[in-house]
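*Asks:* quick one: sequence plus predicted model below, questions after.
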Amino acid sequence: MSAILALVETAGSAPDRLSAEALGFAGTAAKALGADVDAVVIAGGEDPAGAEAAAAGLGAYGVSKVHLVAGDRLASYAPAAWAAAVADVVRSGAFEAVVAPSSDRATEVLAHVAARTGQPMAANVTSAAPVAGEPWRITRQRWAGSLLEDATLDGAPRLLTVAPHVVPALEPAAGAPAATVERVDPQVTDADLRARIVGRDVAAGDRISLSDAKVVVGGGRGMGSSEAFAMLDELAGLLGAAVGVSRVATSLGWRPHAQQIGQTGTRIAPELYIACGISGAIQHIVGAKAAKRILVINTDPEAPIFKRATYAVIGDVQAVVPAITAEVRRVRGG
Amino acid sequence: MRILVLVKRVPATGGRIVLADDGRSIDTRFLGFVVSPHEECAVEEAVRLIEANGGDSVVMTLGPAEAADQLRDAMAVGIDRAVLLETDGSDWDPLATATALTEAVRRLEAADGPFDLILVGNESADSGGYQVGIRLAVALDRPVVTGIKALEIRDGVATARRQVSAGFDIFELPLPAVVGVREGINLPRYPSVPGRLRAKKKEIETSSPERVAGGGPTLERLRLPVEHEAHVEVLGNGPEAAPRVVEVLREIGVL
């Protein structure tokens, strides 16, 4: 039986979020083709034991066969070495497609596989209409999702990454048959290890991570100065929120790039995003797409960001933000 | 040291994308063009590395004749030379783009010696293929790492940092190498007026690349995603809106 090969990255002893989405995508494609889902898992890098445990449980995610790659040369992440391992698995079967999550690593590894095998690759695919033996009609994201491209993708196999948070993450099914696990000893050359991880710098401090924050307070050009961000820090402190900024605020040097929300910065997914003095350029909006609610504070009711707003206050941030902060303090009795 | 930077000309989209009548491209009649953001940082990084270590730098692009503007932008901030692989402006797939760039790198290196470092953007702002730099590196048999937000070169080795949720992964790779950078690696400088004048007078080495077939994905149509028009509840005007805002914060469980 033909198969779709899913590249699976793990967190603890389960597929990580993006990989669970990729497994969902692979399952849908396999069903359309009457094919199996195979998975390739690399037991290397930071947590090889977790990866091995996750591989053993992939039957619950609809996987028939796991190609578990392990070896001394995969002990630390090296893009070309991991790609060599995946390419070995790809060559071992007649796969219709390789479906990868859109993480930095998986995207990089799949691009290496594409380069090594001379095959096309499509990044950030949102849907596909699979037909055996023919080019697939696919839709993929451009401009980080502010534009969609309908295209055809061919290849032996077809190589694609799945756009983040478009396809629901597959939930493990209880009582599903276990997957068979086949161990693979990859051919990794010295040249494949030239670029590799030699260490990790762990972020200092207890700051709330922008990508995981439940509430984000953001500021843009309308803040007027770097000093004005102090009022956002204060409000964020009261709300237990992370502070984010628009691209303009970083390119003016008001705030560090690590706080940038947008296409070239961080994608946020909070319960509430409070956007202060932000007009709503596409570059910024795509980074806040996954926010459940947006409260916009802006003087210009014609600003594009109002189209995305759940709540709006028309007014100058310099006056409105301190008033909100004072009111929060008052109701809390502080 | 010798550094090559690869850039792409992309429209500055601002607040809203409008499609052209053919449905296969963006209507750019009313838009300006820029160097794709990650690549603007790649240019700055090249200029800083040459300032610190000495040597020379080249910027190259594959694109329409008008992409000469973006090459001049790069020369205005300190890149020495520019190479344009001129196309008719149509959409080249990643394999065709990487193949043409590889051929051009080989030609440039045969004439003037090898590049120690080739800097590319992590992905282009418009098509977002995430692969041209890696295809180039594999074709040239050079080590490559992407997504880089800090770069150091010492004794022929590049140390490169990629942001992860826990902090930064630290990569090492021997030169010659290819590095894909992300915005945030530096804050690009603005060109000076003398810089602009100097860049204007410089020659751009132009050639017509061969376009290989057989890549993909093959573009059929562009469309705008369906946006669910949000229903906006206006909570008020000016600071007087604060009590209502706080009420809402309580209703939705933020307070």
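*Replies:* Perfect, thanks for sending it.

*Asks:* secondary structure class of residue 225, three-state.
*Replies:* Unless you meant another one, I'm taking chain A. Three-state call for A:S225 (DSSP: H, G, I helix; E, B strand; the rest coil): coil.

*Asks:* hmm, I had chain B in mind actually
*Replies:* Secondary structure assignment for B:P225 (three-state DSSP): coil.

*Asks:* for it, which non-adjacent residue is spatially closest?
*Replies:* A:L148 (5.5 Å; C-beta to C-beta, 6 or more residues apart in numbering or on different chains). C-beta: built from backbone N, CA, C; applies to glycine.

*Asks:* burial measure for the one you found, as a count.
*Replies:* Counted with other C-beta atoms under 10 Å in any protein chain shown, the neighbours of A:L148 add up to 21.

*Asks:* one more: A:D154?
*Replies:* By other C-beta under 10 Å, 17 other residues sit near A:D154.

*Asks:* tell me the contacts of the residue nearest to A:T189 when sequence neighbours are not counted?
*Replies:* Using C-beta to C-beta, 6+ apart and skipping residues adjacent in sequence, the residue nearest A:T189 is A:A84, 7.2 Å away. By C-beta atoms under 8 Å, 6 or more residues apart in numbering or on different chains, A:A84 lies in contact with A:116, A:186-189, A:192.

*Asks:* quick one: stretch A:17-29 to chain centroid distance?
*Replies:* Offset of stretch A:17-29 from its chain centre (C-alpha atoms, centre = their mean, to the nearest Å): 13 Å.

*Asks:* got it, and stretch A:257-273?
*Replies:* Relative to the chain's own centre, stretch A:257-273 is displaced by 12 Å; criterion: C-alpha atoms, centre = their mean.

*Asks:* helices of the chain, residue ranges please.
*Replies:* Unless you meant another one, I'm taking chain A. Assigned by DSSP state H, chain A shows helices spanning A:17-33, A:48-56, A:79-92, A:104-117, A:229-239, A:247-251, A:282-288, A:317-331.

*Asks:* that was the other one, I meant chain B.
*Replies:* B:37-53, B:68-76, B:94-112, B:132-140, B:193-201, B:242-251.

*Asks:* looking at the stretch 151-300 of chain A, what residue ends up closest to chain B?
*Replies:* A:H257 (3.2 Å; C-beta to the nearest C-beta).

*Asks:* distance-wise, check that residue relative to B:P37.
*Replies:* 11 Å (C-beta to C-beta, to the nearest Å).

*Asks:* now A:A169
*Replies:* 30 Å.

*Asks:* isn't A:R267 right up against A:S211?
*Replies:* Yes - counting by C-beta atoms under 8 Å, a contact exists between A:R267 and A:S211, whose distance comes to 6.6 Å.

*Asks:* what ranges do the strands span in the stretch 151-300 of chain A?
*Replies:* Using DSSP state E, counting those that start in this stretch, the strands of the stretch 151-300 of chain A run over A:158-162, A:180-184, A:196-202, A:215-219, A:242-245, A:272-276, A:293-298.

*Asks:* does the third one come close to chain B?
*Replies:* It stands for strand A:196-202. Yes - contact of strand A:196-202 with chain B (C-beta under 8 Å from any C-beta of the partner chain) involves A:196-202.
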